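Peer 1: The following block contains a protein sequence and its predicted model.
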Amino acid sequence: MTTTPRIHVAPVVGDEMRAAIEAGGGAVVDDPGAADGVIWTVPFHPEELTALLEKSPARWIQLPFAGIESFFAAGTIDPERTWTCAKGIYGPACAEHALALMLAAARCLPQHARQRAWRPGGFGSPERRMAGTTAVVVGAGGIGRALIEMLAPLDVRIIAINRSGRTVAGAGRTETAAALTKVLPEADWVVVTAASTAETRHVFDKTALAAMKPDAWIVNVARGALIDTDALVEVLASGSIGGAALDVTDPEPLPEDHPLWRFDNVLITPHVANTWDMAVPDLVALIERNVRSFAADGPLEGLVDPALGY
């Protein structure tokens, strides 16, 4: 490793990115063929990154977001290099959005916001408190852990689901993914925060959705492919779940004529749980730390496991 790692930034290098690299002890180079590391600054165009790496000896590649399934699908991620992504650092932003969707569902805001006249509430009105409800948090990475912390003051019981079943801090109980359908009948809220991989595609299929309580809501701030959209439409049409709050969909963008738009118990936001403006401060801080560690042959944050796909 050189004392000053040479870092190529593409496709766009801004002043904040350059400053982060230099603050971490690196030097920005224009030629990818002279780079020790490459920082890719957009969460798309994996084919362009593949072409760039064909002429670069870079040993470390930093990707800007946590959801990198398109880079795996394109065959960009070469296991001979070290890859890092931004998993973990955007957890609080996405968790805040998940909490906002849960609160909106609890207070029936999707229905109220569509009204054009005063609708009396009172006895029997379906709005509810968060306290005493149960949330099944599927995926205990950065988003899931941040959400669990945010739900603690609201007295929400947490069941965490992860691959290993290893205890998740703040959860009343932790189960493996294999136990998902067993615990779903306990949930008032099913919050999807897991990575999108071949293993998790359509983990919420017809069987899983049918296991939910009639008044339970599913909230997705991860990736749309984790939910079978056709199955979701079916259970919503039958009234067998309470509703859905989705920041991500499959397909995405959701077509204007898609049936999900027609349900008054569905709340859809356009993949804004973590916007670029929110992300930049956290991303440049991560880059500074990783450049400093790369220069010292130290551990890098957000390591990608090519075998797991995230």
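Peer 2: The structure has been received and is ready for your questions.
Peer 1: Domain-wise, how is this protein divided?
Peer 2: Per automatic domain parsing, the domain ranges recorded for the chain read 6-89+276-295, 91-268.
Peer 1: How about whichever strand or helix holds Leu209, which residues are buried there?
Peer 2: Here Leu209 is covered by helix 206-210, with elements defined by DSSP states H and E. Within helix 206-210, the residues that count as buried by 16 or more other CB atoms under 10 Å are Ala208, Leu209. To be clear about C-beta, it is placed using only N, CA and C from the backbone, and glycine gets the same treatment.
Peer 1: could I get that helix in CSV with only the CA atoms?
Peer 2: The C-alpha coordinates for helix 206-210 follow below in CSV (Å, rounded to 0.1, in the frame of the first residue of the first chain):
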residue,chain,number,x,y,z
LYS,A,206,-49.1,-15.1,-0.5
THR,A,207,-48.3,-17.5,2.4
ALA,A,208,-46.5,-14.9,4.5
LEU,A,209,-49.0,-12.2,3.9
ALA,A,210,-51.9,-14.5,4.7
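Peer 1: so what secondary structure elements neighbour that helix?
Peer 2: Helices and strands touching helix 206-210, by 3 or more CB pairs under 8 Å, 6 or more residues apart in numbering; DSSP states H and E, are helix 180-183, helix 229-238.
Peer 1: mind checking the SS state of Leu99?
Peer 2: helix (DSSP: H, G, I helix; E, B strand; the rest coil).
Peer 1: Measure how buried the closest residue to it other than its chain neighbours is and give me the count.
Peer 2: Excluding the flanking residues, the one nearest Leu99 by CB to CB, 6 or more residues apart in numbering is Met150, at 5.2 Å. If you count neighbours by other CB atoms under 10 Å, Met150 ends up with 17.
Peer 1: Correct me if wrong: Asn290 contacts Gly24.
Peer 2: Yes: using CB atoms under 8 Å, Asn290 is in contact with Gly24, at 7.2 Å.
Peer 1: Of these two, which one has the most company?
Peer 2: Shown here are Asn290 and Gly24; by other CB under 10 Å, Asn290 has more neighbours (26 against 20).
Peer 1: Nothing else from me, thank you.
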